[in-house]
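Engineer: Here is a sequence together with a model predicted from it:
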Amino acid sequence: MTFDVELVRVIHLPKVPDDLTSPPERAKKTKSGLIYEALTDGTGKVHPSKNARVELRNAIWTAEGKMVESSYLGPGTIPAQLPRLSKGWAEGLMLMVEGDKSRLWIPAKLANGEPRPNDDAPPFAAPLGPLVIDVELVKILSR
């Protein structure tokens, strides 16, 4: 057999954050338990509402360092509707303006829930337990 192969692009995964389980002291905490830190300040002036549609880039890890999702593997940005995201992720986005990059430490109760002992998660199910999300709010598509 002979194969004709062309390398189209090399995808570099985002680096796993060193502080997955212990946010830095400078990080802020909301009343709900979400912990967040601004990584880069944007230039936007308005925050998305709880019903907004946004365009974003993201990478999501479990507390054990397993990447469970990343828009960097595909087209680069993805549209999202805040009401369809986990409570913690939507709350974190509402604290941001266009161009902001933040790291969110989302406790299980604000993510997809706690894992249950002796309960196997079905394939393709959302990860249970706490999550860490690096997110960039690229654009607010509708408020």
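Structural biologist: Right, received. Where do you want to start?
Engineer: after the one helix or strand in the chain whose mean pLDDT sits lowest, next one along is what?
Structural biologist: Sorting the helices and strands of the chain by mean pLDDT, DSSP states H and E puts strand 67-70 at the bottom, at a mean of 90. For strand 67-70, the following helix or strand on the C-terminal side (DSSP states H and E) is strand 78-81.
Engineer: Give me the contact list for that next one.
Structural biologist: 51, 52, 53, 54, 55, 56, 57, 58, 71, 93, 141 (CB atoms under 8 Å, 6 or more residues apart in numbering). From N, CA and C alone the C-beta is placed, and that goes for glycine too.
Engineer: Residue 142 reaches residue 82, doesn't it?
Structural biologist: No - checked against CB atoms under 8 Å, the pair residue 142 and residue 82 is beyond contact range at 10.2 Å.
Engineer: anything in contact with each of these two?
Structural biologist: 52, 53.
Engineer: Neighbour count: the two, which is higher?
Structural biologist: For residue 142 and residue 82, the more surrounded residue by other CB atoms under 10 Å is residue 82, and the numbers stand at 18 against 10.
Engineer: Spatially, what comes nearest to the more buried one if we skip its sequence neighbours?
Structural biologist: Of all residues not flanking residue 82 in the chain, residue 90 sits nearest, at 4.3 Å (CB to CB, 6 or more residues apart in numbering).
Engineer: what number of residues lie near residue 143?
Structural biologist: 11.
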